[in-house]
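Undergrad: Turn this into a model:
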Amino acid sequence: MASAPKRGTTVLERYRDRLDGTERCEACGTAEAAGEWTTRYREGRLVYRRVCSRCGATERREFRLG
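TA: Numbering: from 1, shown residues only. Here you go, the predicted model:
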């Protein structure tokens, strides 16, 4: 029996899984398969960020908590 791919168990983990599925840089259109989203918590906000290895553009998604 094949096992299902590992999925996040919380809403925020599932959102990050979805972000990891976006493979193109919004600025230059380069396939960004190796680009990983980093997550930081700052002053009541969850910030997801990725930097394109080709053009250096930063993509950012932010959630305010509370």
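
Undergrad: Give me the residues contacting the helix or strand of the chain with the lowest mean pLDDT.
TA: With mean pLDDT, DSSP states H and E as the measure, the helix or strand of the chain carrying the lowest mean pLDDT is helix 11-20 (a mean of 77). Helix 11-20 has contacts (Cβ atoms under 8 Å, 6 or more residues apart in numbering) with 7-8, 36-37, 39, 46, 48, 50, 61, 63. (C-beta placed from N, C-alpha, C; glycine too.)

Undergrad: tally of neighbours for residue 58?
TA: Neighbourhood size, residue 58 [other Cβ atoms under 10 Å]: 12.

Undergrad: Same check on the one 3 residues further on?
TA: Neighbours of residue 61 under the rule other Cβ under 10 Å: 14.

Undergrad: List the residues that contact it.
TA: Neighbours of residue 61 in contact, by Cβ under 8 Å, 6+ apart: 19, 37, 47-49.

Undergrad: same thing with residue 48?
TA: With Cβ under 8 Å, 6+ apart, residue 48 has these contacts: 15-16, 19, 37-39, 60-62.

Undergrad: just the strands in the protein please.
TA: 38-42, 45-51, 58-64 (DSSP state E).

Undergrad: tell me the most buried of those?
TA: Highest mean neighbour count among the strands of the chain (mean count of other Cβ atoms under 10 Å): strand 45-51, with a mean of 16.

Undergrad: quick check: angle from that one to helix 11-20?
TA: Here the directions of strand 45-51 and helix 11-20 differ by 20 degrees (axes from the mean of the first three to the mean of the last three Cα atoms, to 10 degrees).

Undergrad: so what strands line up beside strand 45-51?
TA: strand 38-42 (antiparallel), strand 58-64 (antiparallel) (DSSP bridges).

Undergrad: can you list the contacts of residue 48 in a markdown table and add distance to residue 31?
TA: Formatted as a markdown table, these follow (distance: Cβ to Cβ, whole Å):
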| residue | distance to residue 31 |
| --- | --- |
| 15 | 22 |
| 16 | 19 |
| 19 | 15 |
| 37 | 16 |
| 38 | 19 |
| 39 | 22 |
| 60 | 20 |
| 61 | 19 |
| 62 | 25 |
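
Undergrad: shouldn't residue 25 be in contact with residue 58?
TA: No - with contact defined as Cβ atoms under 8 Å, residue 25 and residue 58 do not form a contacting pair (9.9 Å).
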